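[1] my questions are about this predicted structure, shown below with the sequence.
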There are 2 protein chains.
Amino acid sequence: MNSEDSLDALLDALVRSTFQVTSVLSRVGAANDLSLTQLRVFGILRDRRPRMTELAAYLGLDKSTMSGLIDRAERRGLLARGKNPDDRRIVDVYLTPAGHELTERLYGEVRQILAPELSRLRPEQREQLLGLLEPLLNPDDAHGGPQATGRKS
Amino acid sequence: MNSEDSLDALLDALVRSTFQVTSVLSRVGAANDLSLTQLRVFGILRDRRPRMTELAAYLGLDKSTMSGLIDRAERRGLLARGKNPDDRRIVDVYLTPAGHELTERLYGEVRQILAPELSRLRPEQREQLLGLLEPLLNPDDAHGGPQATGRKS
DNA sequence: TATTGTTATACTCTATAACTATA
DNA sequence: TATAGTTATAGAGTATAACAATA
C-alpha cells in the first residue's frame, strides 16, 4: 500500500534526523559538561521559572531525578532554587546570570553547527519545513484548519 | 535581519520536534527496559553487523561504553558477539532472532504513536517533509542539485 | 609498536521507596 | 490526609586509564 510506505519512509527520516540533531545537542552539551537532559532543563528555564514538580512532569522524569539534576547544576552556580512565600513546600527553579550566559552561548553553538545544513534550504523551503513540523510540536491540536493558521512570521 | 530570524525560528522548531520524537522513543524503549542508546544500537543492527569500534564511532561513544552496552543486551539474549576469523581481535555484533523480533515490535509501536500526527499531513506534504529533511540526514552532501536526486520512492 | 576490545574506577542519570515539612 | 520535595539505594550510561590479546 502506497500510503503506508510513504509513512514508513517519513518515519524513518524523522527518526534519523532526530538522532542527528540529538547528536549535535549532546556534543555541544558534553563540551560544556552538560547532559542532554540538563540542556533541556536550561532551555526550559530560559523563559520560565517552574517548580520542581512541573519541571519533572514536563521532562517526563521522576521528582527525585529532578532533585539530583538541579543539585548538580546549582552546585555549579548555573541555576538556583527559590522559596515560594505562599506555599512553603514549593521550590521553584530559575537560571542565574551565569546560567543564562551559558545557555545563550550553547544555543549559539548549536546554531552555528546546524545553520550550514539548513542554509542549503531556500528561504521558502525553510518556511515550508517550519510549517510541516507543526503537527509534531502540537500533538493534541484540533486539526481543523490548514497549517498556516495562527503563526505570523 | 529576516533571514536570521527565519533560521532561528526553524532551529527552535527543529530542536523542539527533536525532543518530541525523542520522548516517544524513550517512552517506547523504557516500556521494554531499553534506553534510547540501546534503541539506537538495535536500529543500526537491524541491517548491519558492525564491529564494536564501528558501532562506538557511529554512536559517538567510547569503546568501553560499548562493551557495557553490548554486555547488558547480550545477557538478555537480544544480541550476540561474533568472532572474526581473519582478525581475531575483532568482535562483531548482531541481533539474535529475539532481538530482531523486539526491534520490529518497537518500531511498530513508535509508528503507531507517530502515525496519527503525521497523518495530519496530506500525502504530498509528507513527501515534501521527507525531502526537506534531506539536508539533515546527509550533512556532508555536495549540495549541487535539487533535493529530489537519488531517492527512488 | 599499533590496534581491538575488556576491565577497573568514578561520576552522572534514572526510578523506587521511605522520609520530612507543609498544607 | 494529601502534596512538594529530599534522601537512600541500586542499576544503567558514560568517559578515562590501564590492561590483554592480536596484528
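    That came through, no problem. Everything numeric in this text was worked out from a predicted model, so none of it was measured.

[2] which strand or helix spans the residue nearest to the spatial centre of chain A?
    Nearest to the geometric centre of chain A sits A:R40, at 5.1 Å (CA atoms, centre = their mean). Applying DSSP states H and E as the criterion places A:R40 in helix A:36-45.

[3] pull the distance from the helix or strand following that helix to the chain's centre.
    The first helix or strand that comes after helix A:36-45 along the chain, using DSSP H and E, is helix A:52-59. Taking CA atoms, centre = their mean, to the nearest Å, one finds helix A:52-59 lying 13 Å from the centre of the chain it belongs to.

[4] give the buried residues for the next helix or strand after helix A:52-59.
    For helix A:52-59, the following helix or strand on the C-terminal side (DSSP H and E) is helix A:63-75. Applying a neighbour-count criterion of 16 or more other CB atoms under 10 Å in any protein chain shown, one finds A:66, A:69-70, A:73 buried in helix A:63-75. Just so you know, the C-beta spots here come from the backbone N, C-alpha and C atoms, and that holds for glycine as well.

[5] just want the angle from helix A:63-75 to helix A:52-59.
    If you take axes from the mean of the first three to the mean of the last three CA atoms, to 10 degrees, helix A:63-75 sits at 110 degrees to helix A:52-59.

[6] quick one: contacts of helix A:63-75?
    A:37-38, A:41, A:52-53, A:55-56, A:59, A:61, A:79-81, A:93, A:99 (CB atoms under 8 Å, 6 or more residues apart in numbering or on different chains).

[7] go again using 10 Å as the cut-off
    A:33-35, A:37-38, A:40-42, A:45, A:51-59, A:61-62, A:78-81, A:91, A:93, A:95-96, A:99, A:102 (CB atoms under 10 Å, 6 or more residues apart in numbering or on different chains).

[8] let me see the mean pLDDT of that helix.
    Regarding helix A:63-75, the rounded mean pLDDT is 98.

[9] same question, stretch A:104-116
    Averaged across stretch A:104-116, the pLDDT comes to 95.

[10] the strands in chain A, which residues?
    A:79-83, A:91-95 (DSSP state E).

[11] can the last one be said to contact DNA strand D?
    Yes. For strand A:91-95, a contact with DNA strand D is found by CB under 7 Å from any atom of the strand, at A:91-92.

[12] now render the strands of chain A as TSV, adding mean pLDDT and mean neighbour count.
    Converted to TSV, the strands of chain A look like this (pLDDT from 0 to 100; neighbours: other CB atoms under 10 Å in any protein chain shown):
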stretch	mean pLDDT	mean neighbour count
strand A:79-83	97	14
strand A:91-95	98	18
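
[13] quick one, which of these is nearest to chain B?
    For chain B, the closest of those is strand A:91-95, at 17.5 Å, according to CB to the nearest CB.

[14] output that closest one as PDB, restricted to C-alpha atoms.
    Output of strand A:91-95 as PDB, limited to C-alpha atoms (Å, rounded to 0.1, in the frame of the first residue of the first chain):
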ATOM      1  CA  VAL A  91      10.600  25.100  45.300                       C
ATOM      2  CA  ASP A  92      10.900  26.900  42.000                       C
ATOM      3  CA  VAL A  93      13.900  26.900  39.800                       C
ATOM      4  CA  TYR A  94      15.500  29.700  37.800                       C
ATOM      5  CA  LEU A  95      18.700  30.400  35.900                       C
END
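
[15] pull out the buried positions in the top helix by length along chain A.
    Determined from DSSP state H, the single longest helix within chain A is helix A:2-30. Neighbour-count burial for helix A:2-30 flags A:6-7, A:10-11, A:13-15, A:17-22, A:24-26, A:28-29 (criterion: 16+ other CB under 10 Å).

[16] hmm, that helix in reach of DNA strand C?
    No. Figure legend: helix A:2-30 not in contact with DNA strand C (CB under 7 Å from any atom of the strand); closest approach 8.6 Å.

[17] now the angle between helix B:36-45 and that helix, please.
    Going by the same axes, to 10 degrees, helix A:2-30 makes 130 degrees with helix B:36-45.

[18] who's in contact with the nearest residue to A:S35 once chain neighbours are set aside?
    In space, A:S35 comes closest to A:G29 once its chain neighbours are excluded; the distance is 6.2 Å by CB to CB, 6 or more residues apart in numbering or on different chains. The contact partners of A:G29, by CB under 10 Å, 6+ apart, come to A:35-40, A:42, A:106, A:109-110.

[19] could you dump the residues you listed to TSV with distance to A:L121?
    Shown next, in TSV, are the contacts of A:G29 (distance: CB to CB, whole Å):
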residue	distance to A:L121
A:S35	30
A:L36	25
A:T37	29
A:Q38	30
A:L39	25
A:R40	25
A:F42	27
A:L106	23
A:E109	21
A:V110	17
